[in-house]
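Chemist: Next comes the sequence, and after it the predicted model I'd like to discuss.
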Amino acid sequence: MTNHFYKKSVVFLCLMSFLSSCNTDLEPVQVVLKSLEAHGGIESWENAKEISYLKTTILYDSLGNVEKKITQKHINRFKPVFSAEMSWLEDSIQKRVVYTENKTSVFHGDSLQNEGALQDKYYKDIIAANYVLWQPYKLLDKEVNLSFAGRENIGKKRANVIQANYFDDSGEKTNTWWYYFDAKTNKLLGNMVHHGATYSYIENMKYENTTGLFLNAKRQSYRCDSLRNIKFLRAEYTYKILGFKKIQ
C-alpha cells in the first residue's frame, strides 16, 4: 500500500510540475530571439549592411474607398552607423528625404526645405519605416520594455504575445505594441499598436525570400478596438526588395 501510494504521489507531482511549466510565463527576450532564428538567424541580422526597397501604401476609408496610393523608394544603411534615404512622387513634385549624421534634409525637387516641422515629420517617418521593416530585430533595442502577454489565437494559429512599451524622455508611455509570434514556427504573424486614441491590428500576409530574413512582403492594417475586434481595413502595404548587402 505504501509503495503504491508513493508511486501515485510521484506521478501526481510530475503531472503538477508539467502543468505548472506549461502555464509559466515565457521570457519575452527568448521569444524574440527564437523568432530571429526563424527569420534567418541573428547573425544574418547583425551582418546586414544596406537594404533598398520599394514600399507601396494604399489607404482606405471606412467604406473601402481608396483615399491615397503612394510608392516610396527607401535606402537604409546600417553600418557603420544608421543613415537613410526616402524618395517619392507626390502631387507632381519629386520629394526626397536624407537622414545622415543625425541630420534630416528635405528636398522638393532641387529645393531644400528648411522648415523644422517638416524635417521633424520626415525624420519620424524614416525611423518608423525602418522600425516596421526591421521587425522583429528592433525589439532588441534597449529603449523598449518587453513583457509576456499570454497566448492568443491568430486565425487558426496559436501565438505567443509579447507586449512592447515605449516611453518618452520624461518617462511617459508613448506607444504600446503587441507582437504575435507563431507558437510552432516562431515567425512573426503580426502586431497591434495603441497610438493615441486608436488601435490598429497589422497582419503579415506574405514574407519576402530575397534577403534570407523573411521580411514583410505584404501587410494589411485594420482599425480595431482594444480587444482586436476588426472594424475596417485601413491600409495595405507591399514591399519589393531592390538590393541587400551584407558585411563581407
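Modeler: Perfect, thanks for sending it.
Chemist: Which parts of the lengthiest strand in the chain count as buried, going by neighbours?
Modeler: In the chain, taking DSSP state E as the definition, the longest strand is strand 230-246. Under the neighbour-count criterion of 16 or more other C-beta atoms under 10 Å, strand 230-246 has 233-239, 241, 244 buried. Yep, even glycine has a C-beta here, placed from its N, CA and C like the rest.
Chemist: In CSV: those residues, plus distance to Asn216 and pLDDT.
Modeler: Below are the buried residues of strand 230-246 laid out as CSV (distance: C-beta to C-beta, whole Å; pLDDT from 0 to 100):
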residue, distance to Asn216, pLDDT
Leu233, 17, 98
Arg234, 16, 98
Ala235, 13, 98
Glu236, 12, 98
Tyr237, 7, 98
Thr238, 9, 98
Tyr239, 6, 98
Ile241, 11, 98
Phe244, 14, 97
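Chemist: Among those residues, which one lies nearest to Thr100?
Modeler: Nearest to Thr100 among those is Phe244, at 20.0 Å by C-beta to C-beta.
Chemist: ok, then the element right after the worst-scoring helix or strand of the chain on mean pLDDT?
Modeler: Using mean pLDDT, DSSP states H and E, the weakest-scoring helix or strand in the chain turns out to be helix 2-23, at a mean of 38. Sequence order places helix 28-38 as the next helix or strand after helix 2-23, per DSSP states H and E.
Chemist: Pull the distance from the next helix-or-strand element following that following helix to the chain's centre.
Modeler: Note on helix 28-38: by DSSP H and E, the next helix or strand toward the C-terminus is helix 42-46. Counting by C-alpha atoms, centre = their mean, to the nearest Å, helix 42-46 is centred 16 Å from the centre of its parent chain.
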